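Undergrad: Please find the sequence and the predicted model below.
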Amino acid sequence: MALRIDPERNEVLALKRVTDWRGKRILEIGCGDGRLTRGLARLGARVQAIDPDVALIRAARRRMPPSFSPRVTYRVGRAGRLDYAARSFSVVLFSWAL
C-alpha cells in the first residue's frame, strides 16, 4: 500500500492563508522528495530545499516539473550546518522532519 501524505493538499492550503508566497525566498529544511517544495513553488515562492538523504534529493529532482526549475533548487544539506548568509530568506520551513 502506497503512503499518500496530504492528498487533499490541506498543508499547502494552510500555508497559502498565512502569507503571499509569490517571489519570497524560502529555505525548506528536510524537503524529502520535494512534496511541499513543489506546493510552495506553485504558490510562486523561490525555494532552496535541502535534505541530508541523497536518494530523496534525487527523487525530488526527478519529480520536479521543468517549469519550476527557475524557482527551485535542491541540494544535499543538514539543518545543523547551513551555509547561507544571515537574512538570506524570507521564511525558513522545517516540517515533517526529525
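TA: Everything's here; your move.
Undergrad: Could you check how far the nearest residue to Asp20 once chain neighbours are set aside is from Leu56?
TA: Computed as Cβ to Cβ, 6 or more residues apart in numbering, the closest residue to Asp20 that is not its neighbour in sequence is Gly44, at 7.9 Å. Where C-beta positions appear, they are placed from N, C-alpha and C, glycine not excepted. Using Cβ to Cβ, to the nearest Å, Gly44 is found at 24 Å from Leu56.
Undergrad: sorry, back to before: if I look at the residue nearest to Asp20, how far off is Arg71?
TA: Distance from Gly44 to Arg71, by Cβ to Cβ: 8 Å.
Undergrad: of these two, who's got more company?
TA: Arg71 (18 against 12; other Cβ atoms under 10 Å).
Undergrad: Quick check, that one in contact with Ala41.
TA: Yes: at 5.2 Å, Arg71 counts as touching Ala41 under the criterion of Cβ atoms under 8 Å.
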